[in-house]
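Participant: Turn this into a structure:
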Amino acid sequence: MIDSIFDPTMGSLEKSIRNSAKAQEVISHNIANANTPGYIPKKFDEVLGKAVEKRDRTSVNMEEEMSDMARNSGRYSAYLKMFNSKLSVLRTIISQGRK
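Facilitator: Next up is the predicted model:
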């Protein structure tokens, strides 16, 4: 969507932000259902984009989920920071063009 307006980096960042947000949703769902009997935790597969697969284990490992959440939160923040930097450059270019 953004690729047609801006450089390819913007499109890649947009996709990465969406994937990271979806991964966070899956991890949060696993944590929220940690004590639900019979719940099988899911794993977000970033390579396949929207694919969510069931894990081999039958219970939620809170340490692993919290580690995944921290790592994913860091990625999400980095993607947003890069995206905002790109937008800032575009705003500067646009405002300089008006002068």
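
Participant: in whichever helix or strand E14 is part of, what's buried?
Facilitator: Using DSSP states H and E, the element containing E14 is helix 8-32. Applying a neighbour-count criterion of 16 or more other CB atoms under 10 Å, the buried positions in helix 8-32 are 10, 13-14, 16-17, 19-20, 22-24, 26-27, 29-30. No exception for glycine: its C-beta is placed from N, CA and C like everyone else's.

Participant: Same question for stretch 66-76.
Facilitator: 68-69, 72, 75-76.

Participant: separation between L80 and Q96?
Facilitator: L80 sits at a distance of 25 Å from Q96 (criterion: CB to CB, to the nearest Å).

Participant: Of these two, which one has the most company?
Facilitator: Of the pair L80 and Q96, L80 is the one with more neighbours under other CB atoms under 10 Å, namely 14 against 8.

Participant: Spatially nearest residue to that one (excluding sequence neighbours)?
Facilitator: Using CB to CB, 6 or more residues apart in numbering and skipping the chain neighbours, the partner closest in space to L80 is I17 (6.4 Å).

Participant: my guess is that neighbour contacts Y76, does it?
Facilitator: Yes: with contact defined as CB atoms under 8 Å, I17 counts as touching Y76 (6.8 Å).

Participant: where does P37 land in three-state SS?
Facilitator: Under DSSP: H, G, I helix; E, B strand; the rest coil, P37 falls in the coil class.

Participant: what's the following helix or strand after the lowest-mean-pLDDT helix or strand in the chain?
Facilitator: None of the helices or strands of the chain scores lower by mean pLDDT, DSSP states H and E than strand 52-54, at a mean of 60. As assigned by DSSP H and E, the chain's next helix or strand after strand 52-54 is helix 62-97.
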